[in-house]
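S.K.: Build me a structure from this.
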Amino acid sequence: MPTVPTLRNVSPEDAALDAWHLRQIDRVVAEGLAAGHMPGCVVCVGRQGRIVLRKAYGRRQVAPAPEAMTTRTVFDLASLTKPIATATSIMRLVEDGKLRLDDPAGRHLPEFTGGGKERITVAQLLTHQSGLTPDNPLRDYDRGPEEAWRRICALKLRAEPGKRFLYSDVGYIVLAELVRRVSGMGLDEFARRRIFEPLGMSETGFLPPEALRPRAAPTDQRDGRWIRGEVHDPRAWRLGGVAGHAGLFSTACDLAVFASMMLGRGAWGDVRVLGERTFEEMTRPREVAGGGLRALGWDVRSGYSSHRGEAFTPRAFGHGGFTGTALWIDPDADLFVIFLSNRLHPDGKGEVNTLAGRIGTIAAAAGRLRAIEDARPPVAPPDAHRGRVLTGLDVLQRDGFRQLAGRRVGLITNHTGLNRAGVSNVQLLAGAPGVTLVKLFSPEHGLEGTLDQDVVADARQAATDLPVLSLYGKTRRPTKQMLAGLDTLVFDLQDVGTRFYTYPATMAYAMEAAAECGLRFVVLDRPNPINGADVAGCVLEDGRESFVGFHTLPVRHGMTIGELARLYAADRKLALDLHVVPMAGWRRGMLLDATGLRWVDPSPNMRSLTEALLYPGIGLLETTNLSVGRGTATPFELIGAPWIDEARLAEELTASKLPGIRFEPVRFTPTASKFAGEPCGGVRMHITSRRALRPVRTGLEIALTLRRLYGRQWQMDAMDRLLLNGPALKGLLAGRTVPEIEWAWQDRLEEFLQRRSRVLLY
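M.R.: Okay, here's the model as predicted:
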């Protein structure tokens, strides 16, 4: 006897899903409950033949007496009846050889002809292209099923068959009659025998038995009493509770089995409901007249798929129901998402399509984003490869400066331009044989990296008496006059791996100037201190380039300064004689403390590797009216403002269970920058796992929490000065979850990864 496997509950990680992403479903549902979109719901997510989330929220009944929602609640599925019962039954009959998809329905229903109806095919009925009206008047059903069928057969077409998409309940009533005529069984009996019983779906069917009704979620009222365990749809009710368009009841557990069968290409365990070719034909996306994609019985992407998750793959198919239900199945991701609610209870005003779509987005993103993250090289521990990494400067010195032999050099640098022994590049190049060091150029914060001001003046370097021309003064681009007497520009600065840090912008502007003046441009490569593996955040929008957003990069680019130079030259098609002196011994997964190189503060408020790791997320917040710890001993390790309740903020952020980080409530008084001299409430951040930490995600979650708690005081809009991405800001302002916001930029991020892959050196 065929065996049906039991769906096991496993952790999200066991099914290659991100648990933190899935937890965001709780927040989205809580928002829906608070807004009154439904009294309660059940969400079930499955992958790889296992359930990773099955949870009940809120209440299944609020009147006449409250009842808690449970995962065993029985729901009126409404239009989910169409694909699960009706279309699947039709496909079984096709597989049995009793029907063909291109058969005219009238071949099996002789009375269903005339007025063009004789040209309506089974496939057109399944895809809502029959030309039949969406609904005929309720009065047509008042005299029972036989009279209702006679009146359906007398209907005139609204459109030529195959020429227009008209979502039609009437068409599915015709399909149910087709099942009855061809099989000799009513739709309820056929579906029970051929679909539900073989799969062990004992709580699925039409006309729920008395034993199941106490677990049914009530919908609206009919004739002064609550509709509970009876079909809500008025036409299906008048047809005796069994109809092709509505009337099916089920639970999340049973639907999970059905969805697993569909993910099994028609089979679940030893039970095969549909042959593989039949499954493929049923779920193949078809363009429908007037635009959109439908499958046989299923929606793919049409005007009716507002409950479709944005992160599903193109082959995903699903359907929704008027009572507040939705099921989406993604075969390419091996994923299903079930959302069941009784949104009509108690007043008929609930709305859940958008909510169901958001849940689908989060669930699908939890798998697709996890797959991208799992492809990263592992982060090296601090003691790995210690002492083996040579910077570009070290390699240049090792090779006897041959790359600069006979060149008149201008050096763009600051105090970070040291070799492994701590000797400055200025000293090394000034004494290098065959190299003439003519000028120095300094970036933001000056040659010594100590200035924290809007303009840095020109100066002279004391040890060599060379001029130091500021690229953070009257101009941020080297002028022709500044480059006079040079044939080579050398760039040697320590970056911190975040788009809005300004040293790479200084490099990009200098590269453009070098190209215009015909100079060679040499980059002495240095490690990305926060590793060259992790890439995260929104990509800067085209046309919004600035000094804090010099190129179309994500917030965390995962590149070295030399690789950034190669990317910029390639993307901008610079006619530049570019040379990158690569490092030796560096690996992409290395943090700086795994290289054996010393940490040197690259700027006054970047004082540790911890701060550099937090910077991609916390730095995003500093253009708003929020202190990020400037004017304290630990900038970017704490945030706050006078209007923040530190205990509440710490509690909310702790509840978010962000990976790799812990939040401690603090009070502090900055001595400079925002809120100088004012006591602030806030949180201090402690990294608990550098491997698990996702700084951009952390910054976005903090932003959403601040928006939720302090929407009137906190000026979130100002984040766009560093986000430089309108959709990301829009998602934040709308209160979307982090997974939803991350997914909105995923296509651009993947395009960046392709560009990036062509210029990587390591």
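S.K.: where along the stretch 351-500 of the chain do the helices fall?
M.R.: 353-374, 392-398, 425-430, 480-483 (DSSP state H, counting those that start in this stretch).
S.K.: closest to Thr323 out of the ones you listed?
M.R.: helix 353-374 (11.9 Å; CB to CB). For glycine as for every other residue, the C-beta is placed from the backbone atoms N, C-alpha and C.
S.K.: hmm, back to that, who wins for proximity to Leu138 among the helices of the stretch 351-500 of the chain?
M.R.: Leu138 lies closest to helix 353-374 among these, at 24.3 Å (CB to CB).
S.K.: and Pro110, how many neighbours does it have?
M.R.: Using other CB atoms under 10 Å, Pro110 has 10 neighbouring residues.
S.K.: tell me which element it falls in.
M.R.: Using DSSP states H and E, Pro110 sits within no helix or strand.
S.K.: Distance of it relative to Ala176?
M.R.: As for Pro110, its distance to Ala176 is 17 Å (criterion: CB to CB, to the nearest Å).
S.K.: if we can go back for a sec, kindly reformat the helices of the stretch 351-500 of the chain as CSV containing mean pLDDT.
M.R.: Formatted as CSV, the helices of the stretch 351-500 of the chain follow (pLDDT from 0 to 100):
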stretch, mean pLDDT
helix 353-374, 88
helix 392-398, 98
helix 425-430, 98
helix 480-483, 97
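S.K.: Those: which one's closest to Asp717?
M.R.: For the helices of the stretch 351-500 of the chain, proximity to Asp717 was assessed by CB to CB; helix 353-374 is nearest, at 22.7 Å.
S.K.: got the CA positions of the closest one in CSV?
M.R.: Taking Å, rounded to 0.1, in the frame of the first residue of the first chain, the C-alpha atoms of helix 353-374 are listed here in CSV:
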residue,chain,number,x,y,z
ASN,A,353,-3.6,40.4,0.0
THR,A,354,-0.7,42.8,0.6
LEU,A,355,0.1,41.2,3.9
ALA,A,356,0.2,37.7,2.3
GLY,A,357,2.5,39.0,-0.4
ARG,A,358,4.9,40.5,2.1
ILE,A,359,5.0,37.2,4.0
GLY,A,360,5.8,35.5,0.7
THR,A,361,8.6,37.9,0.0
ILE,A,362,10.2,37.4,3.4
ALA,A,363,10.0,33.6,3.1
ALA,A,364,11.4,33.5,-0.4
ALA,A,365,14.1,36.0,0.4
ALA,A,366,15.1,33.9,3.4
GLY,A,367,16.2,31.2,1.0
ARG,A,368,17.6,33.2,-1.9
LEU,A,369,19.6,35.7,0.1
ARG,A,370,20.9,32.9,2.4
ALA,A,371,22.2,31.1,-0.7
ILE,A,372,24.2,34.2,-1.7
GLU,A,373,25.6,34.6,1.8
ASP,A,374,26.5,30.9,2.0
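S.K.: what's that helix packed up against?
M.R.: Applying 3 or more CB pairs under 8 Å, 6 or more residues apart in numbering; DSSP states H and E, one finds that helix 353-374 contacts helix 19-34, strand 40-47, strand 325-330, strand 335-341, helix 738-744, helix 746-757.
S.K.: Would you mind pulling the contact partners of the shortest one?
M.R.: Applying CB atoms under 8 Å, 6 or more residues apart in numbering, the external contacts of strand 325-330 come out as 75-78, 80, 84, 255, 259, 262-263, 307-309, 312-313, 315-320, 335-341, 352-353, 356, 360, 364.
S.K.: and it, which residues are buried?
M.R.: Under the neighbour-count criterion of 16 or more other CB atoms under 10 Å, strand 325-330 has 325-330 buried.
S.K.: Next, the angle from it to strand 335-341.
M.R.: Angle of strand 325-330 versus strand 335-341, following axes from the mean of the first three to the mean of the last three CA atoms, to 10 degrees, is 180 degrees.
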